[in-house]
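1. Generate a structure from the sequence data that follows.
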Amino acid sequence: MNVARSKSSKPTRDTDAPPLDLSTVMSRKTEDQKWRTSVTNPKKLSQSCGRLRSWPAKECRVSMRSVKFAFSAWATYALAGLAMAYLCYRRNLPLTIRSSLTPLFGRSLSGLLGHAIDIVAVVATVLGVAQTLGFGVEQFVAGMNRIIPGAWMLDDSDKATPAAVTLALLIIMAASTLSAVSGVGKGIKWLSNLNMGLSFFLPVFFLLFGSTFFGLHTLFYGLMQYIIQLPELVFTVWRPDGTSVGDALAQWQGDWSVFYWAWWIAFAPFVGLFLARVSRGRSIREYVLGATVMPAMMCFVWFALVGGTAIDLTLNGGAGGAISNAGQESQLFAMIDFMLPPQIAWFMAIVIVMLLLTFLVTTADSAILIINTINSAGDESPRGRIHIIFWGIALTLVVAALLMVGGLEAIKTAMVIGALPFSLVMVLMGLSPVKAIIRDTRREMNGIPSTYPVGLRPGE
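-> As a prediction, this is how the structure comes out:
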């Protein structure tokens, strides 16, 4: 699709203009920031690299971390977004998940089948976003405790207390709901631009003051090794073999790779629909490059500079267990405490908390808007404010309830369960645009327009 040259490679009509720059929404991944330092466990990564022969250890660590993020994640989102953008905008269909399957099921999507598909997408979106907010809220509380220490924020095991989690959720979701009510062109765009600026500032800071040469070395060589070994990374499955290393690798792959890929599937209806919404007027080539290459490269840069600094300080910089032994939500702050003077570390903690806050708010406000769009039959206007407020409250209650009842493990379990049925929809979304493009290309070759008139119903 990326190299297609026919007119049908436009996901929308030529007269459409993109309402929002794609670059403003490409770096908004809360879970990426949380795990920049926390997936740098040298022991587990070294065991994984040892099973992949001919791998240099340093570059392997970056590649092993990137395989769970980078292209694997954004290709999943881009696939969902492309199916929706192409079918919805070129054929004037409602911007919903069901519309992306029109070439396969036609008119039947107007009934129970279409409703079931949209419900599965909404459930996956709610649980996927709940996972992100659950992880992000704990890191947000840990950061606030660094800035304004308070005994009520953390318990004896340095975990966020229920009171701190509840207050953080209320702040984040209130801001998210207000942003969603304002619409894509106002609050969401402004917060996305702020988030993008902070997202560029932090890796530049680590480039200048972190492990610069180690980070650049792992960036270029790790990226090269990632591209070369991507098939092996994706298709290698470790299973328990009775040895300590084999059992540990199988457990590690299940806890990390499989879990993350399920997370991306749960996130796909939300991020994919948002990508479709902001991609009107783009060609497929522009869309694929903007929705996969740009954000994947941001992941590589972040992992190499921020995560690479954590690896270097742990292995060669004398940090010992100061970083790796900290809680996952506190490791980034532990790293800046180790490498910077107290005053500068305090300032950087503020920057990180602001970045995390914009990550969380832009994730939640976009999710609220997308859920409302699906449930309003594809209506892209922010007119249904009462519905937006309802979904903001509902999302807050879901996250709070899961955190209070079972913590992050409860959210993880619920998210994987929610992602499973939508994985079947993802397979169909991969086939649907291919069939549509082939059909549209044939129509163009015979002089028949490939865009559909306004008011056309699915299957016509």
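
2. Give me the below-cutoff pLDDT ranges for the protein.
-> The chain contains residues with pLDDT under 70 at 1-68, 183-185, 378-384, 452-460.

3. Check the offset of the longest helix seen in the chain from the chain's centre.
-> Secondary structure of the chain read by DSSP state H shows that its longest helix is helix 385-445. For helix 385-445, the distance from its own C-alpha centre to the chain's C-alpha centre is 12 Å (CA atoms, centre = their mean, to the nearest Å).

4. now stretch 208-227, how far from the chain's geometric center?
-> Distance, centroid of stretch 208-227 to centroid of chain: 22 Å (CA atoms, centre = their mean).

5. what about the closest residue in space to residue 238 that isn't next to it in sequence, which helix or strand?
-> Leaving aside its sequence neighbours, residue 238 sits nearest to residue 249 (CB to CB, 6 or more residues apart in numbering; 4.1 Å). C-beta here means a position set from N, CA and C on the backbone, and glycine is covered the same way. Using DSSP states H and E, residue 249 sits in helix 244-253.

6. buried sites along that helix?
-> Residues 248-249, 252-253 are the ones in helix 244-253 that count as buried (16 or more other CB atoms under 10 Å).

7. could you pull out the helices for the stretch 101-250 of the chain?
-> Per DSSP state H, counting those that start in this stretch, the stretch 101-250 of the chain carries helices over the ranges 102-105, 112-147, 162-182, 189-209, 212-235, 244-253.

8. highest average neighbour count across those helices?
-> helix 112-147 (a mean of 23; mean count of other CB atoms under 10 Å).

9. could you check the angle helix 162-182 makes with that one?
-> 120 degrees (axes from the mean of the first three to the mean of the last three CA atoms, to 10 degrees).

10. Show me what helix 112-147 is packed against.
-> helix 30-38, helix 162-182, helix 259-277, helix 331-339, helix 342-375, helix 385-445 (3 or more CB pairs under 8 Å, 6 or more residues apart in numbering; DSSP states H and E).

11. Check the offset of it from the chain's centre.
-> Counting by CA atoms, centre = their mean, helix 112-147 is centred 11 Å from the centre of its parent chain.

12. ok, now stretch 176-190?
-> 19 Å.

13. Over to stretch 174-181?
-> 19 Å.

14. what residues does that stretch touch?
-> Applying CB atoms under 8 Å, 6 or more residues apart in numbering, the external contacts of stretch 174-181 come out as 187-188, 191, 357, 360-366, 368-369, 372, 382, 385, 388-389, 392-393.

15. Roughly how far does residue 257 sit from residue 196?
-> 28 Å (CB to CB, to the nearest Å).

16. how close does the residue lying closest to residue 327 once chain neighbours are set aside sit to residue 329?
-> Nearest non-adjacent residue to residue 327, counting by CB to CB, 6+ apart: residue 158, 5.5 Å away. As judged by CB to CB, residue 158 and residue 329 stand 9 Å apart.

17. next one: residue 351
-> For residue 351, the distance to residue 329 equals 17 Å [CB to CB].

18. Those two: which is more packed in?
-> residue 329 (23 against 15; other CB atoms under 10 Å).

19. isn't that one right next to residue 165, touching?
-> No - the pair residue 329 / residue 165 is not scored as a contact, 11.1 Å apart, by CB atoms under 8 Å.

20. Overlap in contacts, the two.
-> 138, 141.

21. Can you select the buried ones from the contacts of stretch 174-181 in ChimeraX?
-> In ChimeraX, selecting the buried portion of those, with burial taken from 16+ other CB under 10 Å, looks like this:
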select :187,188,191,357,360,361,362,363,364,365,366,368,369,372,382,388,389,392
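
22. check contacts around the residue nearest to residue 353 when sequence neighbours are not counted.
-> Counting by CB to CB, 6+ apart, residue 143 is the residue found nearest to residue 353 once chain neighbours are left out, at 3.9 Å. By CB under 8 Å, 6+ apart, residue 143 lies in contact with 333, 349, 352-353, 356.

23. Save those residues as TSV, and put in neighbour count and distance to residue 410 too.
-> Shown next, in TSV, are those (neighbours: other CB atoms under 10 Å; distance: CB to CB, whole Å):
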residue	neighbour count	distance to residue 410
333	24	25
349	21	29
352	21	27
353	19	25
356	24	22
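
24. out of those residues, who's nearest residue 313?
-> residue 333 (13.5 Å; CB to CB).

25. which ones are touching the residue lying closest to the closest one once chain neighbours are set aside?
-> Excluding the flanking residues, the one nearest residue 333 by CB to CB, 6+ apart is residue 146, at 5.1 Å. For residue 146, the contacting residues are 333, 337, 346, 349, 353, by CB under 8 Å, 6+ apart.

26. what would these look like in JSON lines with distance to residue 200?
-> Below are the contacts of residue 146 laid out as JSON lines (distance: CB to CB, whole Å):
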{"residue": "333", "distance to residue 200": "20"}
{"residue": "337", "distance to residue 200": "23"}
{"residue": "346", "distance to residue 200": "22"}
{"residue": "349", "distance to residue 200": "19"}
{"residue": "353", "distance to residue 200": "17"}
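
27. Now for those residues: which two are most distant?
-> 337 and 353 (14.0 Å).

28. Against residue 212, how distant is residue 176?
-> In terms of CB to CB, residue 176 sits 36 Å off from residue 212.

29. and the closest residue to residue 449 other than its chain neighbours, how many neighbours?
-> Excluding its sequence neighbours, the residue lying closest to residue 449 (CB to CB, 6+ apart) is residue 443, at 7.2 Å. Neighbourhood size, residue 443 [other CB under 10 Å]: 14.

30. how close does residue 443 get to residue 91?
-> 12 Å.

31. do residue 198 as well
-> 38 Å.

32. same question, residue 315
-> Taking CB to CB, one finds residue 315 at 55 Å from residue 91.

33. Compare neighbour counts for those two and give me the winner.
-> More neighbours surround residue 91 than the other of residue 315 and residue 91, with 21 against 17 (other CB under 10 Å).

34. tell me the phi and psi of the more buried one?
-> Note on residue 91: its backbone torsions stand at phi -120, psi 10 [degrees, to the nearest 10].

35. I'd say it and residue 449 touch.
-> No - here residue 91 does not reach residue 449: they are 11.3 Å apart, not a contact under CB under 8 Å.

36. ok so, going back, quick one: common contacting residues for residue 158 and residue 329?
-> Joint contacts of residue 158 and residue 329 (CB under 8 Å, 6+ apart) are residue 142.

37. My guess is residue 88 contacts residue 99. True?
-> Yes - counting by CB under 8 Å, residue 99 is a contact partner of residue 88 at 5.0 Å.

38. ok, and the residue nearest to residue 275 when sequence neighbours are not counted, which helix or strand is that part of?
-> Here the nearest residue to residue 275 in space, its sequence neighbours aside, is residue 81; by CB to CB, 6+ apart that works out to 3.4 Å. Element membership for residue 81 (DSSP H and E) is helix 70-90.

39. what is the orientation angle of that helix with helix 385-445?
-> 80 degrees.

40. thinking again about what came up before, return the distance of the residue nearest to residue 275 relative to residue 259.
-> With CB to CB as the criterion, residue 81 and residue 259 are 23 Å apart.
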